[in-house]
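Student: The following block contains a protein sequence and its predicted model.
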Amino acid sequence: MAANLLTRALGALELLAQNGRGLGLQVIADTVDMPKSGAHRLLAELTRLDYVVQDPDSGQYRLTGKLPSLGMRHLAGTGIIGASQPLLDRLARYSSELVRLAVVDGDRLIFIAKSQGARTGLRYDPESGGEAPLFCTATAFTWLSGFSDDEAIRLIAAQGAMDPENRGPRAPCNFAQVLQQLSETRERGYGRAIDMSSPGMSAIAAAVTAESGSQVLGILSIGGPTARLTEDKMNEFAPELLETAAELSSLPALERYLSPLGRCAR
């Protein structure tokens with residue numbers, strides 16, 4: 001019973017993390033499969049612990065800053081941010097675009113650090129903490145290219161239905177198109193996505209590996225507006241991207257913390 005309640009409590013927190021504007025009691029109860037009365041008691045306890053707050057006007061529940069703060073303190077304690085940030089900042093200055101580091105966490109890619117190099121014009125600057133879609137991003141293509149096609153499909157399917165209509169005009173619409181991107185990534189040596197994850201946005205990405213090279217620990221990317229991050233610019237930035245990814249691969253803090261979280265290609 002206690003384990004089941006813990007599962008539902010964590011499910012409620014994950015649900016609220018995906019809905020920043022908050023959700024009503026009934027929606028939360030239905031999603032975590034609890035009676036409305038039980039969900040109310042659960043949310044009351046999370047509110048007492050300061051992880052959740054209820055809007056007095058709408059009655060909706062949303063997360064407080066306690067959980068994100070906990071995560072950031074944890075990352076700071078691992079040494080990953082402090083060790084990697086100077087390299088991200090250097091690559092951002094070089095490219096004048098957004099540089100991000102995603103880490104492999106089981107079957108997911110989570111963005112944990114970034115550096116904004118664009119100082120004028122249109123800027124692409126999403127918040128850290130998000131999960132990379134596996135069917136339409138340069139970050140995902142880079143990671144998935146290390147797996148067999150069957151395993152790559154399994155990982156994409158496990159994330160949920162592909163939703164190309166809510167992505168860029170060139171987002172893959174089926175597994176065959178994704179597999180073509182993976183084949184091109186293997187041949188090229190780094191991932192590339194043009195007008196796929198979002199309309200008018202493009203990116204290139206390279207793998208950060210354990211020193212042995214046998215395990216991908218994370219993915220380093222450069223992203224920006226397609227009008228500015230052209231194919232010529234991608235070709236120009238690629239050597240610096242790959243060199244920076246190799247430097248990140250040599251940082252002991254990354255391998256020490258990330259190796260147990262990742263999964264080896266097979």
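Tutor: Cool, the structure landed. Residues are numbered from 1 along each chain as shown.
Student: Where do the strands of the protein begin and end?
Tutor: In the chain, the segments counted as strands under DSSP state E are 52-54, 61-63, 98-105, 108-116, 191-194, 201-209, 216-225.
Student: Note down every partner strand of the last one and its orientation.
Tutor: Spelled out, it's strand 216-225. strand 98-105 (antiparallel), strand 201-209 (antiparallel) (DSSP bridges).
Student: so where is the stretch 51-200 of the chain shaky, pLDDT-wise?
Tutor: When residues are selected by pLDDT under 70, those of the stretch 51-200 of the chain lie in 75-76, 78, 121-129.
Student: rerun that using 80 as the cut-off
Tutor: Within the stretch 51-200 of the chain, the stretches with pLDDT under 80 are 68-80, 120-130.
Student: Grab the nearest non-local neighbour of D149.
Tutor: Closest residue to D149 in three dimensions, ignoring its sequence neighbours and counting by Cβ to Cβ, 6 or more residues apart in numbering: L179, at 5.3 Å. C-beta coordinates here come from the backbone N, C-alpha and C atoms, glycine included.
Student: ok, now P199?
Tutor: Distances taken as Cβ to Cβ, 6+ apart place G168 nearest to P199, at 4.8 Å, with adjacent residues excluded.
Student: my read: the one you found touches F135, true?
Tutor: No: look at G168 against F135 with Cβ atoms under 8 Å: they stay out of range, at 11.8 Å.
Student: Looking at the two, which one has more neighbours?
Tutor: Neighbours around G168 and F135, counted as other Cβ atoms under 10 Å, are more numerous at F135. The numbers are 29 against 18.
Student: Please produce TSV containing the strands paired with strand 216-225, extended by distance to A29.
Tutor: Written out in TSV, the entries for the strands paired with strand 216-225 read as follows (distance: least, Cβ to Cβ, whole Å):
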stretch	distance to A29
strand 98-105	28
strand 201-209	37
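Student: Return the most buried member of these.
Tutor: Scoring the strands paired with strand 216-225 by mean neighbour count under mean count of other Cβ atoms under 10 Å gives strand 201-209 as the most buried, with a mean of 26.
Student: what helices or strands is the lengthiest helix in the chain leaning on?
Tutor: Secondary structure of the chain read by DSSP state H shows that its longest helix is helix 231-249. Using 3 or more Cβ pairs under 8 Å, 6 or more residues apart in numbering; DSSP states H and E as the contact criterion, the elements in contact with helix 231-249 are helix 80-95, strand 201-209, strand 216-225.
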